[in-house]
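Participant: fold the following for me, if possible:
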Amino acid sequence: MSEVRIAAEPRTEFGKGAARRTRRAGKVPAVLYGHGTDPQHITLPGHDLMLALKTPNVLLRVEGLNAGSELALPKDVQRDPIKGFLEHVDLLLVKRGEKVGVSIPVQITGDVVAGGRLVQAEVEIAVEAEATHIPESVELDISGLEIDSQVLAKDLKLPSGTTLAADEETLIVQIVDASISTEPAAEEAEAAEGEA
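Facilitator: Got it, this is the predicted structure:
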């Protein structure tokens, strides 16, 4: 799990106008909260933060605060819906050894059996892990799965120190017969074309 150092500055101005000025200066307004402390309003360097957030569940070492440095996880990231730039970030304080709930990607490996088609119902799975040892993903090898096979959340081999937080019966993937269409909309469209 990667830990990224990022410099923070206290934020004293609030409101839309202040937020716009902050973003024009290449910074992102943020709030750091958790562990029963008062929320800290800060600004973070926009480019550094954008690069850090490319890693899912990145652990940020926020430096330059009164208490020295703090460990935090991104909890809520707001982006401009059109241009995609960062508008605001909420960060949750964490401590070493503390368990946190996060979602991690399910990484599929292996090939689908001949005549089969993979249907991935979930691309992420909710887990609990130590804040400083969050796995980047959970690997699922589909080699050898026959047609009509299913893999549920309880069947995943999670990295050590990680426990499942999602419902055990959550469907992750299934292998279906490639010759059978599972999309009724496509069948209806074909039927309508045939009638015409």
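Participant: helix or strand for residue 158, which one?
Facilitator: For residue 158, there is no helix or strand it lies in under DSSP states H and E.
Participant: tell me what the closest residue to it other than its chain neighbours is bridged to.
Facilitator: Closest residue to residue 158 apart from its sequence neighbours, by Cβ to Cβ, 6 or more residues apart in numbering: residue 138 at 5.8 Å. C-beta: built from backbone N, CA, C; applies to glycine. Beta bridges link residue 138 to residue 106 when assigned by DSSP bridges.
Participant: isn't residue 138 right next to residue 156, touching?
Facilitator: Yes - the pair residue 138 and residue 156 qualifies as a contact (Cβ atoms under 8 Å) at a distance of 5.5 Å.
Participant: which residues do the two both contact?
Facilitator: By Cβ atoms under 8 Å, 6 or more residues apart in numbering, residue 138 and residue 156 have these common neighbours: 106, 125.
Participant: can you give me the strands in this protein?
Facilitator: Counting by DSSP state E, the chain has strands at residues 3-7, 9-10, 27-34, 37-45, 59-65, 68-79, 86-94, 99-109, 116-120, 124-130, 138-141, 150-152, 163-164, 171-177.
Participant: what's the closest of those strands to residue 52?
Facilitator: Nearest to residue 52, of all those, is strand 3-7, at 4.3 Å by Cβ to Cβ.
Participant: how far out from the middle of the chain is the closest one?
Facilitator: Per Cα atoms, centre = their mean, to the nearest Å, the displacement of strand 3-7 from the mean C-alpha position of its chain is 18 Å.
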